[in-house]
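Visitor: no sequence on hand, only this structure:
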């Protein structure tokens, strides 16, 4: 796993709801197994990540003024409760987004992934997305199901998402957590969906997870749909904490992705 050192000092504020940090973490592009199985367990606030040479380079690689990019900022481009009332969306704050990035820093040193190649992702994009104005996330919840929609000016890595899933149909992730270890077995699969008009680097992924926590097996599932439209990265995530994502939940995520793409196309 490629690692980048960065600073994210903890604040003394109240603990956030786990689902909010889960949504933020998934939306900034963490490996699905890590996001669904560990980040939701950590609800502490974190201050925005300190800018490093790695983040500066990533921003230069992904300029906001890319050809065809909308003039509106990401906060205006992201879907909201008015656009998709069925998702119960509310903004995820910059502090919560930084908390997801900080949680990655906390676990990265001790995480083990089998096969090892499935851990080959760069933290640079996560750091760049944590910078002000780089990403906007809206998240909502319905019973055991959490939805998150994000748009970002940092699109690095989205063109390789489908290859990662093809190369890693199954994987085991072991993470140290509060003096013990949490092991998750994940099954990954590309969904046979067509990209909406104007979307590049499209990928739709389903993942089913079996997590062993203190001798108990917990089943979870999530679907992640990503792509790039007009130079803006789009991600829609649905995560079910009680088992695999249902067809209806998946279809809701697909519809939300189409709405998000249309909003950016029309901006």
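Guide: That came through, no problem. It should be emphasised that the depicted structure is a prediction, and the values quoted were computed from it without experimental measurement. Residues are numbered from 1 along each chain as shown.
Visitor: measure the closest residue to residue 78 other than its chain neighbours to residue 74 for me?
Guide: Distances taken as C-beta to C-beta, 6 or more residues apart in numbering place residue 136 nearest to residue 78, at 4.1 Å, with adjacent residues excluded. C-beta: built from backbone N, CA, C; applies to glycine. Counting by C-beta to C-beta, to the nearest Å, the gap from residue 136 to residue 74 is 4 Å.
Visitor: which neighbours do the two share?
Guide: Where contact means C-beta atoms under 8 Å, 6 or more residues apart in numbering, the residues bridging residue 136 and residue 74 through contact with each are 151, 152.
Visitor: looking at the two, which is more packed in?
Guide: Ranked by neighbour count (other C-beta atoms under 10 Å), residue 136 and residue 74 place residue 136 first, with 23 against 20.
Visitor: list the buried residues in the stretch of helix or strand the more buried one belongs to.
Guide: Secondary-structure element containing residue 136, defined by DSSP states H and E: strand 135-142. Of the residues in strand 135-142, 135, 136, 137, 138, 139, 140, 141 count as buried by neighbour count, 16 or more other C-beta atoms under 10 Å.
Visitor: output the contacting helices and strands for whichever helix in the chain runs longest.
Guide: Among the segments of the chain that qualify as a helix by DSSP state H, the longest is helix 247-265. Based on contacts counted as 3 or more C-beta pairs under 8 Å, 6 or more residues apart in numbering; DSSP states H and E, the elements that helix 247-265 packs against are strand 145-152, strand 216-229, strand 232-240.
Visitor: how about those strands, which one is nearest residue 174?
Guide: Distances from residue 174 to each of the helices and strands packed on helix 247-265 were compared using C-beta to C-beta; the shortest belongs to strand 216-229, at 14.7 Å.
Visitor: for that closest one, packing partners?
Guide: Judged by 3+ C-beta pairs under 8 Å, 6+ apart, strand 216-229 is in contact with helix 32-37, strand 200-213, strand 232-240, helix 247-265.
Visitor: at 6 Å instead, please
Guide: The helices and strands touching strand 216-229, judged by 3 or more C-beta pairs under 6 Å, 6 or more residues apart in numbering; DSSP states H and E, are strand 200-213, strand 232-240, helix 247-265.
Visitor: tell me which residues in the longest helix of the chain are buried?
Guide: Judged by neighbour count using 16+ other C-beta under 10 Å, the buried positions of helix 247-265 are 249-250, 252-254, 256-257, 259-264.
Visitor: how about residue 154, phi and psi?
Guide: Here the main-chain torsion angles of residue 154 (degrees, to the nearest 10) amount to phi -100, psi 110.
Visitor: same check, this time on the one 5 residues further on
Guide: Residue 159 has phi and psi values of phi -80, psi -10 when expressed as degrees, to the nearest 10.
Visitor: not counting its neighbours along the chain, what's nearest residue 89?
Guide: What sits nearest to residue 89 in space, not counting adjacent residues and going by C-beta to C-beta, 6+ apart, is residue 138, at 4.0 Å.
Visitor: quick check: bridge partners of that neighbour?
Guide: Beta-bridge pairing of residue 138 under DSSP bridges involves residue 91, residue 149.
Visitor: that one touches residue 78, doesn't it?
Guide: Yes - using C-beta atoms under 6 Å as the test, residue 138 is close enough to residue 78 to be in contact (5.4 Å).
Visitor: okay, now the unreliable bits of the chain?
Guide: Scanning the chain for pLDDT under 70 picks out 1-67, 101-109, 120-130.
Visitor: apply 80 and report the result again.
Guide: Using pLDDT under 80 as the threshold, the predicted model of the chain has low-confidence ranges 1-67, 97-111, 118-132, 142-144, 156-164, 175-179, 212-215.
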